[in-house]
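1. how does the following fold in three dimensions:
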Amino acid sequence: MWQHPGHDREVPAGTPLKEGFSLTIHPVIVDLWRERCGIAHLGSLTLVPSHPLDDGVLAVRDFEPLAQAVTEPAMWDYLTNGAGDQRSLSENIAAWQRPEFVPRVLVPADDADTAVSIFNRRWPHPIALAPTAFQSSYHPEGEAGSLRGALASGATYIQSTMSSVPLNELGVIAREGNEDGRGHWWFQTYLNPDRGVTRALVESAVAAGAEAVVLTVDSPVLAARDADRRNNRHLMPDDGVQAHQRILNPVIDPLASWEDIDWLREVSGVPVVVKGVLHPDDAVRAVDHGAAAVVVSNHGARNLDTVVPTAQVLPHVVHAVAGRAHVLVDGGIRRGTDIVRALALGADAVLIGRPYVWALASHGAAGVQHCVEILRTELSMAMLLLGAPSRAELTAELFGLHL
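-> Numbering: from 1, shown residues only. This next block holds a predicted model:
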């Protein structure tokens, strides 16, 4: 017997299927279903892609086991593991539970205004999709599926430089999927030792419609990602350096400097967002060199273990930047209450990473859309339950710090 996750019906191996038989199942599972049920030809079987609700997905964490069931183990390790002993991985999540809320009551409101403004564009909610690599390893649609899900849910999508879908194709999808004919997406890059490589990538992305360039600055060398090294996921050249001795990444320049932000702003012609900032002084220097926004991030706890959680340092970065640039944050966002806390601590928006890749793996573009919708709904719920139905009311007073 084989049972699909989230469904009660069991199908005995070798069961003959009648004409017109219909089965609701997500396409990623189809090949497994064929294999385990011993059916070589599906004939007239109607395969109906399931909606995440069919599989009981009501919280973003519900996607995780469904995604693991259809993901190759080495790629699952790449997505889920952190650096070192992975203490920061759990701390990122735990830090969003503090400080506790002190709600206000009898605030007349039956709807929450979740809209924010980033780079003079209105976002319907403060949720963006963080850059994640190799997405075709999780679903055949890859980055195209994530972009479609983002467009359908009103989220801004940030494309990783390590993409399995050509940038011009993503540009076409973005333009076709938006009412105004403009795709709202950003492009993430590292600084290659050959700046010509970086420049060519950035120019291609901007030509395809990327509205901003995100420069990741927290990865000058490799990290102690044990599972990736065991699985050879660092994809390093065969140059004789053993996995336990390798430090440098040949495609990322360890000698990058603050002046490179000025350079990138000049060659791109669009706003530059500096991602991977934790120290308030670094945030100020990034803005001094022309950054239009900073992302408070520890790379999903994938680089340096026992590093400060993003929630803990966020208010200090906001204070240091003092309104001169937008401040976004990522790392451990799993609930609408996490988003409220981020906004109340001064962030303009949040980025989610692993949750939307889980959703992509299990349900494709529809899963990504559902993931964002869950978080936006939870955000609205939390704002109304806190008696703070507008963005302006999301302040540190929600934590009762004035009591």
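
2. how about stretch 324-343 as CSV, C-alpha atoms only?
-> Taking C-alpha atoms only, stretch 324-343 is exported to CSV below (Å, rounded to 0.1, in the frame of the first residue of the first chain):
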residue,chain,number,x,y,z
ARG,A,324,18.6,57.4,5.4
ALA,A,325,17.8,54.1,3.7
HIS,A,326,15.4,51.3,3.9
VAL,A,327,16.1,48.5,6.4
LEU,A,328,14.9,45.0,5.6
VAL,A,329,15.5,41.8,7.6
ASP,A,330,15.5,38.0,7.2
GLY,A,331,16.5,35.0,9.2
GLY,A,332,13.9,32.7,10.9
ILE,A,333,10.7,34.4,9.7
ARG,A,334,8.0,31.7,10.1
ARG,A,335,4.9,33.4,11.4
GLY,A,336,2.9,36.6,10.9
THR,A,337,3.8,37.6,14.5
ASP,A,338,7.5,37.5,13.4
ILE,A,339,6.7,40.0,10.7
VAL,A,340,4.8,42.3,13.1
ARG,A,341,7.8,42.1,15.5
ALA,A,342,10.2,43.0,12.7
LEU,A,343,8.1,46.0,11.7
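
3. so who does the most centrally placed residue in the chain touch?
-> Nearest residue to the geometric centre of the chain (CA atoms, centre = their mean): G353, 2.4 Å. The neighbours of G353, taking CB atoms under 8 Å, 6 or more residues apart in numbering as the test, are L129, A130, T132, G300, D330. The C-beta positions use only the backbone N, C-alpha and C, and glycine is treated the same way.

4. where along the stretch 51-200 of the chain do the helices fall?
-> Secondary structure of the stretch 51-200 of the chain (DSSP state H, counting those that start in this stretch): helices at 63-69, 73-80, 87-94, 142-153, 167-176, 195-208.

5. out of those, nearest to V340?
-> helix 87-94 (15.4 Å; CB to CB).

6. got the contact list for the closest one?
-> Residues outside helix 87-94 that contact it (CB under 8 Å, 6+ apart) are 81-82, 298, 300-301, 304-307, 309-311, 331-332, 334.

7. in that helix, what's buried?
-> Residues S88, L89, E91, N92, I93 are the ones in helix 87-94 that count as buried (16 or more other CB atoms under 10 Å).

8. between those, which is closest to L53?
-> Of all these, I93 has the smallest distance to L53: 24.6 Å, by CB to CB.

9. against N81, how distant is the residue nearest to the centre of the chain?
-> According to CB to CB, to the nearest Å, G353 and N81 sit 13 Å apart.

10. if any of the contacts of helix 87-94 are buried, put those into a ChimeraX selection.
-> Restricted to buried positions by 16+ other CB under 10 Å, the ChimeraX selection for these reads:
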select :81,82,298,300,301,304,305,307,309,310,311,331,332,334
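
11. the contacts of helix 87-94 in helices, which ones?
-> Among the contacts of helix 87-94, the members falling in helices are T310, A311 (criterion: DSSP state H).

12. closest to L151 out of the contacts of helix 87-94?
-> Nearest member of the contacts of helix 87-94 to L151, counting by CB to CB, is R334, at 22.8 Å.

13. and that closest one, what does it touch?
-> Residues near R334 by CB under 8 Å, 6+ apart: V60, R61, I93, W96, P355.

14. buried ones among these?
-> Buried among these (16+ other CB under 10 Å): V60, I93, W96, P355.

15. is it true that the last one touches H370?
-> It refers to P355. No: counting by CB atoms under 8 Å, P355 stays clear of H370, with 10.6 Å between them.

16. shaky segments in the stretch 151-300 of the chain?
-> Along the stretch 151-300 of the chain, the model assigns pLDDT under 70 to residues 179-183, 233-235.

17. quick one, strands of it?
-> Here the stretch 151-300 of the chain has its strands, by DSSP state E, counting those that start in this stretch, at 156-159, 185-189, 213-216, 272-277, 293-296.

18. sorry, back to before: now the helices of the stretch 51-200 of the chain as CSV including distance to L343?
-> Below are the helices of the stretch 51-200 of the chain laid out as CSV (distance: least, CB to CB, whole Å):
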stretch, distance to L343
helix 63-69, 23
helix 73-80, 27
helix 87-94, 17
helix 142-153, 18
helix 167-176, 26
helix 195-208, 28
